[in-house]
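Enquirer: would you be able to build a 3D model of this:
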Amino acid sequence: MQKTALITSGVVFGLLAISHAIRWLFPVEILVDGNILPFITSLSSGIILA
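Expert: Have a look, this model is predicted:
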């Protein structure tokens, strides 16, 4: 059970880090509830996740 949770959380954090890296490399807008997520938020989140 513990190993499964660890692998799942690793995959989720990895996907989030990849999504932030894609945003750094390409001009992709992220919409949250109809509002554009500021780039600085994505930058800081990506650094924390990496």
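Enquirer: from residue 13, how far out is residue 6?
Expert: Between residue 6 and residue 13 the computed distance is 11 Å (CB to CB, to the nearest Å). (Glycine included, C-beta is placed from N, CA and C.)
Enquirer: what about these two, which has more around it?
Expert: Higher neighbour count among residue 6 and residue 13: residue 13, with 13 against 10, using other CB atoms under 10 Å.
Enquirer: does the more buried one sit in a helix or strand, and which one?
Expert: With secondary structure defined by DSSP states H and E, residue 13 is part of helix 2-25.
Enquirer: can you list contacts of that helix?
Expert: Contacts of helix 2-25 with the rest of the structure, by CB atoms under 8 Å, 6 or more residues apart in numbering, involve 28, 30, 39, 42-43, 45-46, 49-50.
Enquirer: with just CA atoms, put it into CSV.
Expert: Only the C-alpha atoms of helix 2-25 are listed here, as CSV (Å, rounded to 0.1, in the frame of the first residue of the first chain):
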residue,chain,number,x,y,z
GLN,A,2,2.7,2.4,1.0
LYS,A,3,4.8,1.7,-2.2
THR,A,4,1.7,2.3,-4.4
ALA,A,5,1.0,5.6,-2.8
LEU,A,6,4.7,6.6,-3.2
ILE,A,7,4.7,5.7,-6.9
THR,A,8,1.4,7.5,-7.5
SER,A,9,2.6,10.7,-5.9
GLY,A,10,5.8,10.5,-7.8
VAL,A,11,4.0,10.2,-11.1
VAL,A,12,1.6,13.1,-10.2
PHE,A,13,4.5,15.4,-9.2
GLY,A,14,6.5,14.4,-12.2
LEU,A,15,3.6,15.2,-14.6
LEU,A,16,3.1,18.6,-12.9
ALA,A,17,6.8,19.4,-13.2
ILE,A,18,6.7,18.5,-16.9
SER,A,19,3.6,20.7,-17.5
HIS,A,20,5.4,23.6,-16.0
ALA,A,21,8.5,22.9,-18.0
ILE,A,22,6.4,22.9,-21.2
ARG,A,23,5.0,26.3,-20.2
TRP,A,24,8.5,27.7,-19.8
LEU,A,25,9.6,26.4,-23.3
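Enquirer: of the contacts of helix 2-25, buried ones?
Expert: Taking 16 or more other CB atoms under 10 Å as the criterion, what is buried in the contacts of helix 2-25 is 42, 45-46, 49.
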